[in-house]
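Colleague: Here is a sequence together with a model predicted from it:
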Amino acid sequence: MVDLSAVPVQKTVPGRLAGWRLPQESMPADAAYRAVRDELRPDVPPQLNLATFITTGMEPEAERLMAEFLYSNTVDGVQPLRTTDLARRCIAALAELWHAPGPDSAVGTSTGGSSEACMLAALAMLMRWRSRTRGSGGRPNLVMGASVHVCWGKFCAYWDVEARQIPLAEGRFGIDPHTAAELCDTNTIGVVTVLGTTFDGSYEPVQQVCAALDQRRARDGVDVPVHVDAASGGLVAPFLDPALVWDFRLPRVTSINASGHKYGLVAPGLGWLVWRDPSVVPVELGFSIDYTGGRLSTQTLTFTQPAAPIIAQYYQFLRLGAEGYRAIMQRCRDLARVLAAHLNQFHDLRVISSGNDLPVVAFTTGDHASFTVTDLADRLRQRGWLVPAYTLPPNQTNVTVARLVCRNDLSDILVRRLADDITNAVTALRAYHGESRPRQRCDVLPRGSEAAQMLGEGGG
């Protein structure tokens, strides 16, 4: 069982918040605006925040649409019923993109983000397990790798489901298919796979997991569904890796989620959940209401949901089309590969992922480096960049990794600036900590390639 003490609880921070209360008097609107703006003025511009997958910029037309529908709620009155039509079009588009058997009959919903979508998917699996076992089973369990998002641990804690996590191994940052299949039993509600982990951006082997579960079913009848948490990869892989089989082409995959506010290119918060067909959606998961001005069916954990992000997603689908998304995702991947090639010039650094799945570069320091990636992240922070440095989950907690997320608003100029700042930071750290022993060079991209030439081929 997941330890609830591991879930952080927000508390009042002494000092900065002590004594703050609701003011007794009003103030002019412009004064209140300036006060709030000054409080929230970021010390790191959104474009320089390489920690987040969240979209940090849209076209003015998309922003204008969101502003015009700022007060629209998806579950109020007649206007949101039209918004529901747009949401259904988006769901049909995603269902086709993910090869659902019948895109027009696929069931799905918009959510406040992928966390809610994941919990809904898990709840559907739990309800199907209850219906299948009819109360005769023991405690339900959910099988997953250690690289899953924290929301999966929250689901297990909140709904009293045993979380069976597979630890990482050296050279493996995702789920192990054979171990996942062996951990399943008649009380397993499902297996979670991740298309693009937050730790290194890699795709977990969904097809191999499904194959291992097929073998398990043939051996002893244990039959377990698979959910694909494609929060980031669901809107990258279909455009850049169309031959990769990870979606509803696999009969065992019953549901997929993605974040519209990540590589869906929409401002937060928006998530999507699509089931392969109506047969895998428990009836009790849906609620029908008519007290908002029209008959409406809802399957979300929350009730009130802003319509603006859904409208913005429809705009992006309409505006970009498959061709536009493909071009944007390819550019993001190219930039990630360029940065990976640049990092690999330095014998102090070891690249773990080079943008070949998600447009993400993860790296750590070499065996004989005189500084850590945390030191490097601190130096880059002084130049305005926010680069996260974190330890990996069990059994790789001895490895600290830094990560660079390449988004659509990361321009070529910014990439060149980042490359220069990395070079200067490494040089300064070497001087401060002492030179490290060189290791054998191993380029992520071949010398002479177009991507490598974008930054030059000089050594670190």
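Modeller: Done, it's in.
Colleague: what's stretch 166-186 in contact with?
Modeller: Stretch 166-186 has contacts (CB atoms under 8 Å, 6 or more residues apart in numbering) with 133, 137, 141, 143-147, 164, 191, 193-194, 197, 199-200, 202-205, 208-209, 211-213, 215-216, 222, 224, 352, 392-396. For the C-beta atoms, the positions are set from N, CA and C on the backbone; glycine is no exception.
Colleague: likewise stretch 277-286?
Modeller: Contacts of stretch 277-286 with the rest of the structure, by CB under 8 Å, 6+ apart, involve 100-102, 105-107, 120, 123-124, 127-128, 131, 225, 254-255, 275, 297-299.
Colleague: Stretch 317-333 now?
Modeller: Under the contact criterion CB under 8 Å, 6+ apart, stretch 317-333 has outside partners 59, 61-62, 89-90, 93, 235-236, 239-240, 263, 265, 355-356, 359, 406-408, 410.
Colleague: Out of those, which sit inside helices?
Modeller: Members of those lying in helices (criterion: DSSP state H): 61-62, 89-90, 93, 239-240.
Colleague: most neighbours, which of those?
Modeller: residue 90 (23 neighbours; other CB atoms under 10 Å).
Colleague: ok, that one - contacts?
Modeller: Counting by CB under 8 Å, 6+ apart, residue 90 touches 110, 272, 310, 313-314, 317.
Colleague: That one and residue 70: what is the separation?
Modeller: Taking CB to CB, to the nearest Å as the measure, residue 90 falls 19 Å from residue 70.
Colleague: pretty sure residue 163 belongs to a strand, no?
Modeller: Yes. Residue 163 forms part of a strand when assessed by DSSP: H, G, I helix; E, B strand; the rest coil.
Colleague: if I read this right, it contacts residue 142, doesn't it?
Modeller: Yes. Using CB atoms under 8 Å, residue 163 makes contact with residue 142 at a distance of 6.0 Å.
Colleague: Just the buried subset of the contacts of stretch 277-286, please.
Modeller: 100, 106-107, 120, 123-124, 127-128, 225, 254-255, 275, 298-299 (16 or more other CB atoms under 10 Å).
Colleague: mind putting those in TSV, distance to residue 424, pLDDT and secondary structure included?
Modeller: Converted to TSV, the buried ones among the contacts of stretch 277-286 look like this (distance: CB to CB, whole Å; pLDDT from 0 to 100; DSSP: H, G, I helix; E, B strand; the rest coil):
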residue	distance to residue 424	pLDDT	secondary structure
100	49	97	coil
106	51	85	coil
107	53	91	strand
120	46	95	helix
123	50	96	helix
124	51	96	helix
127	55	94	helix
128	55	95	helix
225	50	98	coil
254	50	98	strand
255	46	98	strand
275	50	96	strand
298	53	61	strand
299	51	62	coil
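Colleague: Residue 385: which of the residues you listed is nearest?
Modeller: residue 120 (35.5 Å; CB to CB).
Colleague: Count the residues that sit near the closest residue in space to that closest one that isn't next to it in sequence.
Modeller: Of all residues not flanking residue 120 in the chain, residue 273 sits nearest, at 5.5 Å (CB to CB, 6 or more residues apart in numbering). Residue 273 is flanked by 26 other residues according to other CB under 10 Å.
Colleague: List the contacts of residue 273.
Modeller: The contact partners of residue 273, by CB under 8 Å, 6+ apart, come to 108-109, 111, 117, 120-121, 255-257.
Colleague: Look at it and tell me its secondary structure.
Modeller: Following three-state DSSP, the label given to residue 273 is strand.
Colleague: what packs against the helix or strand residue 413 falls within?
Modeller: Using DSSP states H and E, the element containing residue 413 is helix 412-433. Secondary-structure packing of helix 412-433 (3 or more CB pairs under 8 Å, 6 or more residues apart in numbering; DSSP states H and E): helix 308-343, helix 373-382, helix 450-455.
Colleague: so of these, which one's packed in deepest?
Modeller: Ranked by mean neighbour count, the helices and strands packed on helix 412-433 are led by helix 308-343 with a mean of 21 (mean count of other CB atoms under 10 Å).
Colleague: Would you mind getting the angle between it and helix 412-433?
Modeller: For helix 308-343 against helix 412-433, the angle by axes from the mean of the first three to the mean of the last three CA atoms, to 10 degrees is 50 degrees.
Colleague: mean confidence score for helix 308-343?
Modeller: Mean pLDDT, computed over helix 308-343, is 97.
Colleague: give the contact list for residue 353.
Modeller: Residues counted as contacts of residue 353 (CB under 8 Å, 6+ apart) are 200-202, 340, 360-362.
Colleague: got the end-to-end distance for stretch 63-83?
Modeller: 17 Å (CA to CA, to the nearest Å).
Colleague: Backbone dihedrals for residue 175, please?
Modeller: Note on residue 175: its backbone torsions stand at phi -70, psi 150 [degrees, to the nearest 10].
Colleague: separation between it and residue 199?
Modeller: Taking CB to CB, one finds residue 175 at 12 Å from residue 199.
Colleague: neighbour count winner among these two?
Modeller: The neighbour comparison of residue 175 against residue 199 (other CB under 10 Å) goes to residue 175, with 26 against 23.
Colleague: Now that one: closest residue in space that isn't a chain neighbour?
Modeller: Once flanking residues are discounted, residue 175 sits nearest to residue 145: 3.4 Å by CB to CB, 6+ apart.
Colleague: any idea of the pLDDT on the one you found?
Modeller: On the pLDDT scale, residue 145 is placed at 95.
Colleague: Strands of the stretch 101-250 of the chain, residue ranges please.
Modeller: Under the criterion DSSP state E, counting those that start in this stretch, the stretch 101-250 of the chain carries strands at the ranges 107-111, 141-145, 162-166, 188-194, 226-229.
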